[in-house]
Every structure is written in structure tokens, then in C-alpha cells.
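J.: Return a 3D structure for these sequence lines:
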Amino acid sequence: MEGSGHRIVAMFGIGTTELFIILGILVVLFGARRLPELGAGVGKAIRNFKAGISGKDEVDVTPKKDEVTEGKPRG
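T.: Residues are numbered from 1 along each chain as shown. Model prediction:
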């Protein structure tokens, strides 16, 4: 039997070794202290992106047709 070991396939075809290399580069670039801040920022960005895609707005500030015509002077 060929290749009896288990192979883990990550997203986008990136393997475990590549993920460790990317993590190492991030630690070198940003430092270990800033990585949690970056992770939290990315998490918030993804959460906001998903909320924007779902179409559920928290506050609808679009004026209705009646409100727009009431404020205009008639002449």
C-alpha cells in the first residue's frame, strides 16, 4: 500500500508546513505581542463582512418618499 500515513489537507491546498511558515513570517513581521490584536481585528472584520452580506442592517437611515417631499418648499 502506497503512503500509509494520513495526509491533512487544509483550505486552499495549503498544508501544515506552509501554515507554520506563514505563521513564522507573521511573528517576524508583527511580533508576538501584536498577533492577538491582529487576530481580533481580522475576526471583527469577518464578522462585519458577514453581517453586511446578510443584508440585515441595524439601522435603516434611508428616508421614505413622504419624508423627502415634506421638507421641500412648494412653489
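J.: Any stretches of this protein with poor pLDDT?
T.: Residue ranges of the chain with pLDDT under 70: 1-11, 56-60, 66-75.
J.: what ranges do the helices span in it?
T.: For the chain, the helices defined by DSSP state H cover 16-30, 35-54, 65-70.
J.: Buried residues in the first one, which are they?
T.: Of the residues in helix 16-30, none count as buried by neighbour count, 16 or more other CB atoms under 10 Å. The way it works is simple: take the backbone N, C-alpha and C, and place the C-beta from them, glycine included.
J.: Compute the inter-axis angle for it and helix 35-54.
T.: Relative orientation of helix 16-30 versus helix 35-54 (axes from the mean of the first three to the mean of the last three CA atoms, to 10 degrees): 110 degrees.
J.: Can you name every helix or strand that helix 16-30 contacts?
T.: In terms of contacts (3 or more CB pairs under 8 Å, 6 or more residues apart in numbering; DSSP states H and E), helix 16-30 is packed against helix 35-54.
J.: Now the helix it packs on: buried residues?
T.: By 16+ other CB under 10 Å, helix 35-54 has no buried positions at all.
J.: Which elements pack onto it?
T.: The contact analysis (3+ CB pairs under 8 Å, 6+ apart) places helix 35-54 against helix 16-30.
J.: Arg34 versus Ala28, what's the distance?
T.: Actually, residue 28 is Val rather than Ala. Using CB to CB, to the nearest Å, Val28 is found at 12 Å from Arg34.
J.: swap that for Gly52, please
T.: From Gly52 to Arg34 the distance is 26 Å (CB to CB).
J.: With Glu18 instead?
T.: 22 Å.
J.: can you check Ile14 too?
T.: 23 Å.
J.: Apart from its neighbours in sequence, what residue is nearest Ile14?
T.: Excluding its sequence neighbours, the residue lying closest to Ile14 (CB to CB, 6 or more residues apart in numbering) is Ile22, at 7.8 Å.
J.: Which residue, other than its chain neighbours, is closest to Phe30?
T.: Nearest non-adjacent residue to Phe30, counting by CB to CB, 6+ apart: Leu38, 6.2 Å away.
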